[in-house]
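Enquirer: coordinates for the following, if possible.
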Amino acid sequence: MRRAAAAAAVAPADPQLLAAAFESAIASRSPRLGRAAHARALRLIAPALSPFICAHLVNLYSKLDLPAAAAAALASDPHPTVVSYTAFISGAAQHGRPLPALSAFAGMLRLGLRPNDFTFPSAFKAAASAPPRSTIGPQIHSLAIRFGYLPVDPFVSCAALDMYFKTGRLKLARHLFGEMPNRNVVAWNAVMTNAVLDGRPLETIEAYFGLREAGGLPNVVSACAFFNACAGAMYLSLGEQFHGFVVKCGFEMDVSVLNSMVDFYGKCRCAGKARAVFDGMGVRNSVSWCSMVAAYAQNGAEEEAFAAYLGARRSGEEPTDFMVSSALTTCAGLLGLHLGRALHAVAVRSCIDANIFVASALVDMYGKCGCVEDAEQIFYETPQRNLVTWNAMIGGYAHIGDAQNALLVFDDMIRSGETAPNYITLVNVITSCSRGGLTKDGYELFETMRERFGIEPRTEHYACVVDLLGRAGMEEQAYEVIQGMPMRPSISVWGALLGACKMHGKTELGRIAAEKLFELDPQDSGNHVLLSNMFASAGRFQAISGPNTDTHTQTNKKPLPKDPGCSWVTWKNVVHVFRAKDTKHEMYNEIQALLSKLRKQMQAAGYMPDTQYSLYDLEEEEKESEVFQHSEKLALAFGLICIPPGVPIRIMKNLRICVDCHRAFKFISGIVGCGIKHGTYVLA
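Expert: Here you go, the predicted model:
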């Protein structure tokens with residue numbers, strides 16, 4: 001900056017020294033110094049600036065993204081040259097203003113100025129932002145052919161190639177690529193990077209091998225594109241082989257390549273390998289930390305993801321939209337409302353809370369944590385919404401079973417025309433109908449989704465509709481839907497049917513669903529337990545313990561681990577975890593005393609324990625005591641003891657709450673004078 005100031009204060013009217021002052025202002029990104037140099041030029045050169053100085057002024061204001069000043073400088077030149085126009089077009093194109101760039105290009109042609117090999121690439125860059133059906137790009141292409149730059153000039157050809165890819169004209173892009181006599185690495189990179197951006201990873205991989213077969217050497221851009229393609233196609237083995245090639249070529253020292261490797265391993269479900277690459281990085285930037293946070297978040301390692309976010313902040317990284325949105329995703333997975341609120345504050349302080357990605361992540365986080373009012377506030381205050389934002393809001397309603405509001409938002413989405421629904425949207429809507437009891441609406445949407453929205457039903461939709469029908473007691477119709485599936489039913493589909501059969505006592509159909517589940521996932525103990533409980537509730541104890549039954553055979557082949565159910569409450573930054581019949585908590589005696597008191601009050605209010613799913617070989621009195629020691633009841637008692645009245649008691653659980661606990665919570669909420677908020681297990 002001192003050099004720029006010194007150059008601007010030069011007394012002699014030497015055009016070269018003034019030009020140096022302009023270049024110094026550009027290098028220091030200082031509009032103030034640039035204007036000072038401009039003022040000095042006006043003082044020293046009279047009555048008018050020379051074309052040389054005018055061209056530098058246009059370049060100065062264009063590169064500093066001052067469009068009005070750049071246009072004024074261009075207009076003030078009585079004899080503009082191709083250099084001046086090229087500087088203006090380049091600056092406008094680089095800063096995302098395609099219309100002024102293309103207008104200047106047309107104005108230059110009207111003056112009879114001939115575009116050069118720097119003008120055409122800038123014009124193609126501006127044309128890349130034009131609407132897909134616009135003819136501007138092909139018209140510039142025709143001019144480039146007329147002036148002899150296409151297809152022989154590799155610089156101009158690569159710009160035209162990139163323009164065709166970005167405007168979706170793949171046929172023209174491939175035709176131009178085939179005509180190029182000199183395909184350098186930049187041309188191959190244009191093919192690879194645009195194929196990755198368009199979701200065509202196999203084409204990227206083919207282009208890379210085409211580059212190698214042509215004798216070309218890949219560069220950093222090629223390496224990043226290849227890793228991105230392997231991540232998109234989930235080609236773990238190929239990506240690992242390329243990792244070795246990258247090390248051999250010395251690209252592993254480039255931070256962009258290493259960031260791509262972290263992203264690749266994360267998307268290929270290898271968070272440990274992503275961490276190994278990350279730990280070996282000598283230099284990290286914001287993208288490095290964001291990639292590591294995302295790698296953990298994509299693999300269900302929410303605690304590690306949040307720890308990586310905290311590591312980024314400790315290392316001095318400023319929160320970015322991608323970093324904060326990824327960390328918010330982890331909060332949604334952890335059901336960590338207090339962490340999510342802290343991140344919300346970070347987003348507001350960093351002025352990125354209105355960013356569409358951050359806003360969508362906030363809606364998703366609050367919806368999954370049961371705070372639907374907060375999700376609604378952010379949703380309706382967001383100035384711009386995309387598909388993710390709409391899906392997050394509908395998913396928030398689906399999470400709490402609010403089918404009416406989910407359908408209202410879905411209808412608003414259709415009417416707004418902002419974006420079309422995708423398969424995730426319909427999964428959320430059908431799920432909300434299932435949990436909210438709107439069987440007819442959900443099934444009608446499933447039946448008409450292909451005709452109305454052009455979306456083919458996937459396995460997820462079939463699982464949702466089986467759950468929808470099963471909850472309504474229509475298990476036979478759900479079984480018919482499964483039999484008519486065009487693809488093989490998944491674990492989630494048969495699991496939904498088995499759960500419905502258990503709910504309504506359809507033991508024979510439940511056995512069929514269980515046998516299918518045993519075939520698909522024989523190591524899942526939950527399916528065996530579910531089937532056993534179903535027979536127990538129906539009083540068919542011989543079906544469980546008989547030596548000739550399928551259930552007995554399956555469950556006795558090998559001891560199967562069962563994930564223990566647990567519930568937890570966060571209070572004063574400490575997570576208190578409870579399991580059924582837990583006696584280890586430091587407040588065990590106080591919890592039992594309160595549960596005993598509540599049990600008497602509930603029985604006086606008409607509560608009868610639901611023991612149909614208790615262990616079948618217990619006496620009835622023992623069954624009643626057992627259900628009252630479920631983890632969620634212990635967690636609720638702890639919350640009532642420690643958390644002040646009026647503060648919501650947020651109980652999280654790793655498994656679905658049982659029928660008895662759901663009924664018990666309703667009785668307890670009436671006794672203690674609080675309510676169950678929106679059907680979630682958040683008592684306020």
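Enquirer: and residue 578, that's in a helix?
Expert: No - counting by DSSP: H, G, I helix; E, B strand; the rest coil, residue 578 is not part of a helix but strand.
Enquirer: wait, it touches residue 586, no?
Expert: No - contact criterion CB atoms under 8 Å: residue 578 and residue 586 do not qualify, at 12.0 Å. Placement of C-beta: from N, CA and C, glycine included.
Enquirer: who has more neighbours, these two?
Expert: A direct count of neighbours by other CB atoms under 10 Å for residue 578 and residue 586 places residue 578 higher, at 26 against 8.
Enquirer: residues contacting that one?
Expert: 566, 567, 568, 569, 585, 631, 632, 634, 635, 638 (CB atoms under 8 Å, 6 or more residues apart in numbering).
Enquirer: now for the residues you listed: which two are most distant?
Expert: 585 and 632 (14.0 Å; CB to CB).
Enquirer: per-domain residue ranges of the chain.
Expert: 407-538, 567-680 (the TED database).
Enquirer: ranking those domains by mean pLDDT, which is last?
Expert: When the domains of the chain are compared by mean pLDDT, domain 567-680 comes last with a mean of 78.
Enquirer: element containing the residue nearest to residue 382 when sequence neighbours are not counted?
Expert: Nearest residue to residue 382, sequence neighbours excluded (CB to CB, 6 or more residues apart in numbering): residue 359, at 4.4 Å. Take DSSP states H and E as the rule and residue 359 turns out to sit in helix 356-368.
Enquirer: pretty sure the residue nearest to residue 382 contacts residue 389?
Expert: Yes - with contact defined as CB under 8 Å, residue 359 reaches residue 389; the gap is 6.4 Å.
Enquirer: spit out the residues that contact these two alike.
Expert: Going by CB under 8 Å, 6+ apart, residues that sit against residue 359 and also against residue 389 are 379, 382.
Enquirer: distance of the spatially closest residue to residue 571 that is not a sequence neighbour from residue 238?
Expert: Spatial nearest neighbour of residue 571, excluding adjacent residues (CB to CB, 6+ apart): residue 642 at 5.5 Å. Using CB to CB, to the nearest Å, residue 642 is found at 54 Å from residue 238.
Enquirer: where along the stretch 101-250 of the chain do the helices fall?
Expert: Along the stretch 101-250 of the chain, counting by DSSP state H, counting those that start in this stretch, helices occupy 119-127, 136-146, 154-166, 170-179, 185-197, 201-213, 220-233, 236-249.
Enquirer: export those helices to TSV and tack on mean neighbour count, mean pLDDT and distance to residue 71?
Expert: Putting the helices of the stretch 101-250 of the chain into TSV (neighbours: other CB atoms under 10 Å; pLDDT from 0 to 100; distance: least, CB to CB, whole Å) gives the following:
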stretch	mean neighbour count	mean pLDDT	distance to residue 71
helix 119-127	26	96	15
helix 136-146	18	95	20
helix 154-166	24	94	23
helix 170-179	15	93	32
helix 185-197	22	95	30
helix 201-213	18	95	39
helix 220-233	23	96	33
helix 236-249	15	94	45
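Enquirer: which stretches of the stretch 401-550 of the chain form helices?
Expert: Here the stretch 401-550 of the chain has its helices, by DSSP H, counting those that start in this stretch, at 403-416, 423-436, 439-453, 459-471, 475-483, 491-504, 507-520, 525-537, 541-545, 550-557.
Enquirer: roughly how far apart are the nearest residue to residue 149 once chain neighbours are set aside and residue 125?
Expert: Take residue 149 and drop its neighbours on the chain: the residue closest to it by CB to CB, 6+ apart is residue 156, 4.3 Å away. With distances taken as CB to CB, residue 156 is found 11 Å from residue 125.
Enquirer: turn the helices of the stretch 401-550 of the chain into CSV, columns for distance to residue 368.
Expert: As requested, the helices of the stretch 401-550 of the chain are exported to CSV (distance: least, CB to CB, whole Å):
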stretch, distance to residue 368
helix 403-416, 14
helix 423-436, 12
helix 439-453, 21
helix 459-471, 17
helix 475-483, 27
helix 491-504, 19
helix 507-520, 27
helix 525-537, 22
helix 541-545, 36
helix 550-557, 34
